[in-house]
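>>> Give me coordinates for this.
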Amino acid sequence: MGDVEQEELRKLRKINKALMERVERSMDQQGNAYSLFQTAIGLEEQVRRRTMELSSTLADLERTNHQLVTAKDAAEQANLSKTRFLAAASHDVLQPLNTALLLMSSLSSAQTSAEGSRLCTQVEHSLETMDELLRNLLYMSRLDAGDVHPKWQAVSLDRLFDSIASDFEPIARVRNLELRVKCSGLHVWSDPTMLRRTIQNIVTNALRYTRDGGALLIAGRHGDKVHIRIADTGIGIEPERFKEIFIEFNRCATGQNELDGSFAGLGLGLAIVERMVNALNLQLTLNSRLGVGSCFKLTLPYRDPPLSLGKARAADMVSNSQMANTRILLIENDLTALKAMDTLLSQWGCDLRLASSTQETLDALNRDKSWEPDLIIADQHLENNERGTSIIRIVRQLTGRRLPAVVVTAAPSDRLWKMADQGRLEVMPKPVKPAQLRALLMHLRTRIIEPAD
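Here you go, the predicted model:
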């Protein structure tokens, strides 16, 4: 074979080799492409499966959210129904209790034996405990429903502390404890009724869980804030249990901390405190050491005292004899309550006229033109949708005088409290406590009778 042929053969082999390499590369590329295709199919299946799982999860979540919304609406409706029921039932529940307290006061006064007086005292104590429980339950219901709105004003802490000291010093003496109250001359911006109830519940708690020593109520100013402290030398509580004491019906007194049942609480006082602290936007802190004592601190806004404190304490101490011959117009549609109030006021020497409606009131006044009331006591909710406030207004117009008036009701409305704030009448929630009623009536006897509006 010549050189030419060999050269041609070499070129052909080179071309063949190049073609084979190209074919191999092409086949490799096709194999890679097929592999990628298979991978893409696998990924697409995973995406589809994950998408279906996500869609199912979202559907389940949507159903769960719908169920939660439905449950929330049902719970809110149930709570609203509970609140409406308590508001509607409060009059019916407290009315017989009010009558029982009035009758027991009259029965106690009529006792001539020590045993009879002792039994009456025990029954009165049981009725007052029931009264406290019902009042707290109803008040908590109103707080939870947002039905209690603060009536903001400058509050004198000295006057507030004096009132609390007057109520609790006898209780402290019975338990051989000392209640120290230090006046400060300070005023704060708050609701006087809600603030008083907040402090008195804490003081009650302090005396309840103190065996030796006593409690201290004091206030001090720090810049534009006022700190009210209620400290005691009681049993104390562990820091990890601080939150428990604000839970309803949880008294946090077990084992060596359990106190005697005669002074056991209902477990609602501090639960109400927490709700009122929130309603009044107060800051409440607690420091306590087991076996040493506790200190509650309330922080409130400072307020300069008003220019005129008004009629501060005129006639706070009026002789009981001044109730004699006081002419009182008593308006009550419940026959049992009417008789109980008639018996009680008659024992105090009052001169009464009884009525249960507008027409009976007019008849009573027209029957004896020479008799004109000094005071009016009226139940707010009467028969046929009549209101005690309406009859009070009619009597004032007839007499031409703004007669002092007391409205008694189991469920005072915001409108009634507003009228009381304006000085147009006094409001006394049922059940009426005889001692409080007599103190209020003796105070009203000292008022200057003004012309009717």
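>>> hey, where'd the strands end up in the stretch 101-250 of the chain?
153-156, 178-181, 187-190, 214-222, 225-232 (DSSP state E, counting those that start in this stretch).
>>> What strands flank the first one, and is each parallel or antiparallel?
Just to be clear, that refers to strand 153-156. Strand 153-156 has the following strand partners under DSSP bridges: strand 187-190 (antiparallel).
>>> Out of the strands of the stretch 101-250 of the chain, which gets nearest to Asn384?
Closest approach to Asn384 among these (C-beta to C-beta): strand 153-156, 36.7 Å. In this view, the C-beta of every residue, glycine as well, is placed from N, C-alpha and C.
>>> Off-centre distance for the closest one?
Its chain's C-alpha centre and that of strand 153-156 lie 20 Å apart, by C-alpha atoms, centre = their mean, to the nearest Å.
>>> ditto for stretch 199-212
The answer for stretch 199-212 is 19 Å, by C-alpha atoms, centre = their mean.
>>> ok, how many other residues are close to Gly116?
Residues lying near Gly116 (other C-beta atoms under 10 Å) number 13.
>>> Going forward, count from 349.
Sounds good: first residue 349 from here, last item Gly464.
>>> how far away is it from Met452?
12 Å (C-beta to C-beta, to the nearest Å).
>>> Equivalent analysis for Arg749, please.
Separation of Arg749 from Met452 (C-beta to C-beta) stands at 35 Å.
>>> any chance of the strands of the stretch 449-598 of the chain in JSON lines, plus mean neighbour count?
Below are these laid out as JSON lines (neighbours: other C-beta atoms under 10 Å):
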{"stretch": "strand 501-504", "mean neighbour count": "17"}
{"stretch": "strand 526-529", "mean neighbour count": "18"}
{"stretch": "strand 535-538", "mean neighbour count": "22"}
{"stretch": "strand 562-570", "mean neighbour count": "18"}
{"stretch": "strand 573-580", "mean neighbour count": "20"}
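>>> between the ones you listed, which gets nearest to Ile595?
Of the strands of the stretch 449-598 of the chain, nearest to Ile595 by C-beta to C-beta is strand 573-580, at 19.7 Å.
>>> How far does the helix or strand that that closest one is followed by sit from its chain's centre?
Next along the chain after strand 573-580, taking DSSP states H and E as the criterion, comes helix 617-627. Here helix 617-627 is found 6 Å from its chain centre; the criterion is C-alpha atoms, centre = their mean.
>>> Would you mind listing the buried residues in helix 617-627?
Within helix 617-627, the residues scored as buried using 16 or more other C-beta atoms under 10 Å are Gly617, Leu618, Ala619, Ile620, Val621, Glu622, Arg623, Met624, Val625, Ala627.
>>> I figured the last one was touching Thr541, is that so?
Read that as Ala627. No. Judged on C-beta atoms under 8 Å, Ala627 makes no contact with Thr541 at a distance of 11.5 Å.
>>> Arg749 and Met452 - which one has more neighbours?
Met452 (19 against 16).
>>> Need the nearest residue in space to the more buried one, chain neighbours excluded.
Once flanking residues are discounted, Met452 sits nearest to Glu472: 5.0 Å by C-beta to C-beta, 6 or more residues apart in numbering.
>>> How about the contacts made by that neighbour?
Contacts for Glu472 (C-beta atoms under 8 Å, 6 or more residues apart in numbering) come out as Leu449, Met452, Ser453, Ser456.
>>> okay, the third one: pLDDT?
Read that as Ser453. According to the predicted model, the pLDDT of Ser453 comes to 76.
>>> got any ranges where the stretch 399-548 of the chain has weak pLDDT?
Along the stretch 399-548 of the chain, the parts satisfying pLDDT under 70 run over 426-441, 477, 480-481, 483-485, 487-490, 492-495.
>>> Where do the helices of it begin and end?
Counting by DSSP state H, counting those that start in this stretch, the segments of the stretch 399-548 of the chain that form helices are 462-492, 505-522, 540-556.
>>> Next, the buried residues of the shortest one.
Along helix 540-556, the positions that meet the burial threshold by neighbour count (16+ other C-beta under 10 Å) are 540, 542-556.
>>> which helices and strands does it pack with?
Judged by 3 or more C-beta pairs under 8 Å, 6 or more residues apart in numbering; DSSP states H and E, the packing partners of helix 540-556 are strand 501-504, helix 505-522, strand 562-570, strand 573-580, helix 617-627, strand 641-649.
>>> Compare these and give me the one nearest Ala712.
Ranking the helices and strands packed on helix 540-556 by proximity to Ala712 (C-beta to C-beta) places helix 505-522 first, at 36.1 Å.
>>> Turn the contacts of Glu472 into CSV, columns for distance to Glu424.
Formatted as CSV, these follow (distance: C-beta to C-beta, whole Å):
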residue, distance to Glu424
Leu449, 36
Met452, 40
Ser453, 42
Ser456, 46
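>>> Scan the residues you listed and report the most crowded one.
When neighbours are counted by other C-beta under 10 Å, Leu449 leads these with 24 neighbours.
>>> Now do that residue against Asn681, distance only.
As judged by C-beta to C-beta, Leu449 and Asn681 stand 18 Å apart.
>>> one step back: present the helices and strands packed on helix 540-556 as CSV; the columns should include distance to Leu764.
Shown next, in CSV, are those (distance: least, C-beta to C-beta, whole Å):
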stretch, distance to Leu764
strand 501-504, 17
helix 505-522, 21
strand 562-570, 30
strand 573-580, 29
helix 617-627, 19
strand 641-649, 26
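>>> where along the stretch 649-798 of the chain do the strands fall?
Using DSSP E, counting those that start in this stretch, strands in the stretch 649-798 of the chain cover 675-679, 699-703, 723-727, 749-750, 753-757, 774-777, 798-799.
>>> next one: stretch 553-564 to chain centre, how far?
In terms of C-alpha atoms, centre = their mean, the centre of stretch 553-564 is found 24 Å from the chain centre.
>>> Dump it to CSV, keeping only the CA atoms.
C-alpha atoms of stretch 553-564 as CSV (Å, rounded to 0.1, in the frame of the first residue of the first chain):
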residue,chain,number,x,y,z
ASN,A,553,-58.3,40.2,103.3
ALA,A,554,-55.5,41.6,105.6
LEU,A,555,-57.5,41.2,108.8
ARG,A,556,-58.9,37.8,107.7
TYR,A,557,-55.4,36.3,107.4
THR,A,558,-53.7,37.9,110.3
ARG,A,559,-53.6,36.2,113.7
ASP,A,560,-51.3,38.6,115.6
GLY,A,561,-50.4,42.3,115.1
GLY,A,562,-52.6,44.0,112.7
ALA,A,563,-52.8,46.1,109.5
LEU,A,564,-51.7,49.5,108.4
